[in-house]
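[1] All I have is the shape, not the residue letters:
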């Protein structure tokens, strides 16, 4: 049976969310319904189950670990240097401007780092700017498992073609190639240069329930808000606001916007194409 | 019975060979057309720009690539962005997703059709045009099962037949039409 053929009732989704919240503290009630429903259909497909109540039983009996469910519910597809033009802007203007304003220091938060592709992408940009040692970087995600992947830095060769071509579109320097940042690990995988992330602090953080824990000059939250409903977007935008320094910047995914939120009044959109915002500290 | 008044959204899927058909539809649709048109056309992710512009050249209606949570409104045509799935949300807004490719495609026509038929039910018109893989067939079947009107481009006219033939292999769509007839139905 195809994922798309599995019917999931909204009432069942609500019950499942409630069960998960009470038992495991993860709260998915403000996830955007359409994609959340698809994730649940996918879970049922993976475990060859017909209904969410069956899945609930298997989680309760520990046959399926709840962390595995969290990992599967959150979307973890990502690429290195996804949207090369965005990374080029970071390298050409945004990061140099912050470094200039902040006396050669920069604090960056990857607010949902997933398996780490963007953490490495950022480290590459910083390294090429000679600024990797000047940066303080925190990378967080709701899911511990997926962050382990980031720390290990081992990625499938399947993604290599995309990542290499993204890098090529991003760089101005034709003598550089993505292959200088990894070595072959085995037949199927590559090992990224882990020195790139040697000063990245990884920690678990849930955007739904977390509170501001530090303040940053640049926050990356790319392709995360699309999985949240209006209410949660509002809440997270406020959290981001509280986590940004004066003139701090926020980068969303290219098709995301916070313009529907009330909290967006406190931001200027400085780049409409790549959805880069600056915290508005006037008033 | 015409489309206008009876349906609330037209969703069109296509791949190789669909571009000129899509252009013809947009150029000949009535300028005061009051049903949102949603287009999920396979495209290369490297080319984020140019597609909307190319479709817009002589289009009678405004075409935009919606951001996440953009309200789905009449009088507008919407194009699925490169490298995102385009879904519908209850409450008639768009929802985007970066989840895995489906049938080697992101945007995937199946996913757009599945979620739109879920939200719009019998108020949806689904149209599949020329294309080189079978993405869209299951989506169009979903539209049919939920009471929507299903149309495919005539395989004899489609420059690449795989997509429409995949639909025919699954079920009998309500109408099999040439481009001219599709435009006529949309304007009816």
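    Yep, it's here. Keep in mind it's a predicted model, so treat the numbers as computed, not measured.
[2] Against which helices or strands is the helix or strand of chain B with the lowest mean pLDDT packed?
    Ranked by mean pLDDT, DSSP states H and E, the weakest helix or strand in chain B is helix B:51-56, scoring a mean of 93. If you count contacts as 3 or more C-beta pairs under 8 Å, 6 or more residues apart in numbering or on different chains; DSSP states H and E, helix B:51-56 packs onto helix B:19-28, strand B:62-64, strand B:76-79. To be clear about C-beta, it is placed using only N, CA and C from the backbone, and glycine gets the same treatment.
[3] where does the closest residue to residue B:29 other than its chain neighbours land on pLDDT?
    Take residue B:29 and drop its neighbours on the chain: the residue closest to it by C-beta to C-beta, 6 or more residues apart in numbering or on different chains is residue B:60, 5.3 Å away. Model confidence at residue B:60, given as pLDDT, is 93.
[4] What is the neighbour count of the closest residue to residue A:265 other than its chain neighbours?
    Nearest residue to residue A:265, sequence neighbours excluded (C-beta to C-beta, 6+ apart): residue A:280, at 7.6 Å. By other C-beta atoms under 10 Å in any protein chain shown, the residues close to residue A:280 number 14.
[5] which residues sit in contact with the residue nearest to residue B:29?
    B:26, B:27, B:28, B:29, B:30, B:31, B:33 (C-beta atoms under 8 Å, 6 or more residues apart in numbering or on different chains).
[6] With neighbour count added, can I get these in CSV?
    Listed next are the contacts of residue B:60 as CSV, based on neighbours: other C-beta atoms under 10 Å in any protein chain shown:
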residue, neighbour count
B:26, 22
B:27, 14
B:28, 17
B:29, 19
B:30, 12
B:31, 8
B:33, 20
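[7] would you turn the residues you listed into TSV with pLDDT?
    Shown next, in TSV, are those (pLDDT from 0 to 100):
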residue	pLDDT
B:26	97
B:27	97
B:28	97
B:29	95
B:30	93
B:31	89
B:33	90
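[8] mean confidence for stretch B:82-91?
    For stretch B:82-91, mean pLDDT rounds to 96.
[9] go on, stretch B:181-188?
    Mean predicted lDDT for stretch B:181-188 stands at 95.
[10] same thing with stretch A:201-217?
    97.
[11] now swap in stretch A:98-108 and tell me
    Here the average pLDDT along stretch A:98-108 is 97.
[12] how long is that stretch end to end?
    This stretch, stretch A:98-108, spans 11 Å end to end (C-alpha to C-alpha, to the nearest Å).
[13] after the one helix or strand residue A:43 maps to comes which helix or strand?
    For residue A:43, the host element (DSSP states H and E) is helix A:33-46. On the C-terminal side of helix A:33-46, the closest following helix or strand by DSSP H and E is helix A:52-60.
[14] Direction-wise, compare the following helix or strand past that next one with helix A:52-60 and give the angle.
    Reading on from helix A:52-60 to the C-terminus, the next helix or strand found by DSSP H and E is helix A:66-73. Helix A:66-73 and helix A:52-60 are oriented at 140 degrees to each other (axes from the mean of the first three to the mean of the last three C-alpha atoms, to 10 degrees).
[15] just checking, what packs against helix A:66-73?
    Using 3+ C-beta pairs under 8 Å, 6+ apart, helix A:66-73 sits against helix A:10-24, helix A:33-46, helix A:52-60, helix A:144-152.
[16] list the contacts for the closest residue to residue A:45 other than its chain neighbours?
    Closest residue in space to residue A:45, ignoring its immediate chain neighbours: residue A:3 at 4.5 Å, by C-beta to C-beta, 6+ apart. Applying C-beta under 8 Å, 6+ apart to residue A:3 gives the contacts A:38, A:41, A:42, A:45.
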